[in-house]
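Chemist: here are the coordinates; sequence isn't available:
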Ligand code: 13P
């Protein structure tokens, strides 16, 4: 049985004070009887604040990206080793906002993913199609290419130490969630594709759904057989909403 995981991606929001307050509220509301794992990915510069507040808690700390290099002349990048110094356990890679707005290629995403694996951070590999690709029935070509870039670089065995997040771009921040059937179809396709290479890895892999997950649709999404939790954007900025989502998993 796969354990479920709910991760808040705070994106570029808040302030040190707000991140700290949000985390305090989340910690207060989580309770002991939670059946899922929970993670939060604050902006890089809020990591020290959040890491301190997380001491002694089981909530996983994550970053919103990770460099494809260890150190040196790579202005603006933050390495896996630096993130680990702050207690990061997770690192989002290949978020659609990085791929689309900042032009990160699948090859670069794969290199970032490989660095996370090399240093023992758990990459949350985001894959997903834009609306036009879905409407022209290219969803599986697109996510297949995004997945293959990582498989060719880091190998299928690396997925035993990683998490995949299916985030249809048309559902992110739009309030338009994929239906449970649409999401399940893609999640099942991802797992089957990996199962062709390694059935054990596929069976144990956590595949999260992201894209307008809210307290009122989370339980239905998480009840699908191949949806193992969520990567939550907007709703993770409100402690009550995020807690309700965590308790639905
Ligand atoms: P929303 O939950 O705001 O749609 O964002 C999803 C997302 O991009 C999480 O990484």
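Modeler: That came in fine, so what should we check first? What you see is a predicted model, and the numbers here were worked out from it, not measured in a lab. Numbering: from 1, shown residues only.
Chemist: Out of all residues in this structure, which is the farthest from the middle?
Modeler: Most distant residue from the mean C-alpha position of the chain: residue 73, 27.5 Å away (CA atoms, centre = their mean).
Chemist: Is that one located within a strand, as I assumed?
Modeler: No - counting by DSSP: H, G, I helix; E, B strand; the rest coil, residue 73 is not found in a strand; it is coil.
Chemist: So it versus residue 67, what's the distance?
Modeler: As judged by CB to CB, to the nearest Å, residue 73 and residue 67 stand 12 Å apart. (Glycine included, C-beta is placed from N, CA and C.)
Chemist: Check residue 14 too.
Modeler: From residue 14 over to residue 67 the distance is 23 Å, taken as CB to CB.
Chemist: Looking at these two, which one has more neighbours?
Modeler: residue 67 (22 against 16; other CB atoms under 10 Å).
Chemist: need the contact list for that one.
Modeler: Residue 67 sits next to 74, 77-80, 112, 115 when contact means CB atoms under 8 Å, 6 or more residues apart in numbering.
Chemist: Repeat that for residue 58.
Modeler: Under the criterion of CB under 8 Å, 6+ apart, the neighbours of residue 58 are 37-38.
Chemist: That one and the ligand, how far apart?
Modeler: Distance of residue 58 to the ligand, given as CB to the nearest ligand atom, to the nearest Å: 21 Å.
Chemist: go on, residue 62?
Modeler: In terms of CB to the nearest ligand atom, residue 62 sits 11 Å off from the ligand.
Chemist: ok, now residue 24?
Modeler: 22 Å.
Chemist: All set now, cheers.
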